[in-house]
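S.K.: Just a sequence and a predicted model for now, questions to come.
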Amino acid sequence: MLRLNEWDRQTWRLVVPIILTNITIPLLGIVDTAVVGHLPGPHYLGAVAVGSLVFSIVYASMFFLRMGTTGLTSQAVGANDDNEVRAWMVRGCLLAVVIGLALIALQLPIAVLIFSWTGGSDDVLPLAESYFFIRIWSAPATLLNFVILGWFIGIQNTRPALLTQLLLNCTNIILDLWFVIGLGFGVAGVAYATLISEIAGALFGLWLVHRYALPMAGQWNFADALKKNELLRMLQINGNIFIRSLCLQISFFAFTAYGARQSDVILASNTILLKFTMFTAYALDAFANAAEALAGKAYGANNRNHFRAAVLASSRWALLFSLLFALIFLATGPVLIDALTSVEAVRQTARLYLPWLVVSPLVAVWSFQLDGIYVGATKTVIMRNAMLISMVVFFLSLLLLVPAMGNHGLWLAFMIFFAMRGLTLGAWYPRIEKSLNPAAS
């Protein structure tokens with residue numbers, strides 16, 4: 001019988017709602033793919049892939065709003081400073097709204113810049129642009145949702161985060177089916193569904209923040225939230241995470257762009273496999289999120305023993321689940337592919353590259369887990385430097401492997417990228433433990 005220690009129980013108390021929260025995000029992408037994948041021709045699927053990629057670059061590079069809020073909030077929890085717990089929520093929301101409005105104002109140059117790099121076909125790009133110019137109006141709401149999610153993880157109360165994401169993603173899925181299949185809006189229907197659901201999720205999430213903050217000690221003090229030193233600290237931490245996240249999204253963009261330049265069928269098949277890779281990543285990120293909250297609290301309390309215990313508990317469960325996902329993809333990969341598209345050429349091509357999907361969880365799990373640990377400790381300079389090194393290695397791998405091996409070379413370079421992230425972050429980890437008080441109990 002499996003016996004759980006206290007840190008295992010704390011990990012699972014956080015992980016279960018986060019897993020349910022996180023897997024709804026790629027599940028939404030899978031529904032998008034399945035709905036559009038059954039329209040006639042691969043260019044519809046390619047359009048959603050390219051349009052979604054734009055937002056992966058734009059929004060995911062802003063994911064520092066979630067990660068920074070979690071790390072700073074969890075450390076305030078560890079320091080028993082409830083005023084600062086509230087203040088980090090206010091600071092994050094302010095930054096989210098400012099950035100969201102800026103993205104709306106700059107939508108045209110952003111679209112021109114990114115779409116000029118994609119290399120999609122003449123059938124794909126007009127549909128992808130339509131998707132972009134509709135969905136961009138959800139920017140402030142999307143970024144507010146990042147902050148809300150990060151704050152709830154930081155205070156180690158992940159159930160309201162689950163409720164928010166369930167409302168957002170279930171609304172999106174229902175509207176997807178209605179707009180695309182029921183009303184025949186096509187790719188634009190996917191964008192409208194996302195726009196409406198992001199706004200609904202943000203409004204509901206802010207109401208939950210108000211409700212769950214009521215029993216806390218301290219109070220909302222907006223003047224304290226605007227203190228110069230704390231704002232500068234937030235901007236410094238978030239700036240490093242922004243560079244890290246931007247490098248990550250550029251790398252994902254390069255992966256999709258290299259596939260798009262090969263053919264629409266390669267682009268579509270890679271998109272399907274990448275959806276399952278992202279599904280795995282979001283599920284495994286639940287353990288990284290647990291590490292953010294638990295390790296961040298221990299770091300804020302300057303407790304080395306608790307920090308190490310949090311890292312070990314969350315990491316061993318992450319490894320176990322990476323093995324589980326690899327076995328699932330090995331056993332059911334062809335069935336999963338067929339469920340997402342009825343285009344036979346795409347099905348056959350995706351099966352050819354299925355082995356890369358099988359090995360991806362085992363390679364990528366370490367980068368996810370170490371990211372969570374570093375977020376909790378707010379060691380964002382190390383995160384930034386490790387990602388820069390990994391991105392350079394990835395692009396060198398692309399230049400060497402894709403001409404020689406085609407799409408197999410593209411997937412091999414992708415695995416090298418994940419491996420480098422884990423190696424570079426792991427090399428710096430011992431310094432974090434040594435900086436903490438070993439006598440704390």
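M.R.: Nice, I can see it. Residues are numbered from 1 along each chain as shown.
S.K.: so where's this protein shaky on pLDDT?
M.R.: Residue ranges of the chain with pLDDT under 70: 1-4, 22-33, 37-53, 56-57, 117-124, 439-441.
S.K.: mind redoing it with 80?
M.R.: Scanning the chain for pLDDT under 80 picks out 1-8, 10-61, 111-130, 180-182, 184-188, 217-218, 224, 340-343, 437, 439-441.
S.K.: if I look at R347, how far off is L168?
M.R.: 31 Å (Cβ to Cβ, to the nearest Å). The way it works is simple: take the backbone N, C-alpha and C, and place the C-beta from them, glycine included.
S.K.: Pick out whichever of those two has more residues nearby.
M.R.: Set R347 next to L168 and count neighbours by other Cβ atoms under 10 Å: L168 wins out with 28 against 17.
S.K.: Quick check, that one in contact with L195.
M.R.: No. Using Cβ atoms under 8 Å as the test, L168 is too far from L195 to be in contact (11.6 Å).
S.K.: which of the residues in the helix or strand hosting R91 are buried?
M.R.: According to DSSP states H and E, R91 maps onto helix 82-105. Residues 82, 84-97, 99-100, 103 are the ones in helix 82-105 that count as buried (16 or more other Cβ atoms under 10 Å).
S.K.: Correct me if wrong: L14 contacts T158.
M.R.: Yes. Between L14 and T158 a contact is recorded at 5.3 Å, counting by Cβ under 8 Å.
S.K.: Now list whatever residues contact both of those two.
M.R.: N289 (Cβ atoms under 8 Å, 6 or more residues apart in numbering).
S.K.: Just list the residues touching L412, thanks.
M.R.: L412 touches W356, S397, L401, M405, counting by Cβ under 8 Å, 6+ apart.
S.K.: wait, doesn't the first one sit right on A413?
M.R.: In this case it means W356. No. Counting by Cβ under 8 Å, W356 does not reach A413; the two are 10.6 Å apart.
S.K.: between these two, which one's more packed in?
M.R.: A413 (24 against 20).
S.K.: Run the chain-centre distance for stretch 167-184.
M.R.: 22 Å (Cα atoms, centre = their mean, to the nearest Å).
S.K.: Let me fix that, I meant to ask about stretch 324-336.
M.R.: Taking mean C-alpha positions (Cα atoms, centre = their mean), stretch 324-336 and its chain are 22 Å apart.
S.K.: List the contacts of that stretch.
M.R.: Under Cβ under 8 Å, 6+ apart, the answer for stretch 324-336 is F276, T280, A283, L284, R351, L354, L357, V358, V359, P361, L362.
S.K.: let's go with 7 Å and repeat that
M.R.: F276, T280, R351, L354, L357, V358, V359, P361, L362 (Cβ atoms under 7 Å, 6 or more residues apart in numbering).
S.K.: coming back round to it: ChimeraX command for the buried members of the contacts of L412?
M.R.: Buried members of these, defined by 16+ other Cβ under 10 Å, are picked up in ChimeraX with:
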select :356,397,401
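S.K.: Distance to H210 added to the contacts of L412, as CSV?
M.R.: Below are the contacts of L412 laid out as CSV (distance: Cβ to Cβ, whole Å):
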residue, distance to H210
W356, 45
S397, 48
L401, 51
M405, 54
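S.K.: Identify the farthest-apart pair in the contacts of L412.
M.R.: Greatest spatial distance among the contacts of L412 (Cβ to Cβ): W356 and S397, at 13.7 Å.
S.K.: residue ranges for the helices of the stretch 251-400 of the chain, please.
M.R.: 264-300, 304-340, 344-352, 354-376, 380-405 (DSSP state H, counting those that start in this stretch).
S.K.: highest average neighbour count across the ones you listed?
M.R.: Most buried of these by mean neighbour count (mean count of other Cβ atoms under 10 Å) is helix 264-300; its value is a mean of 26.
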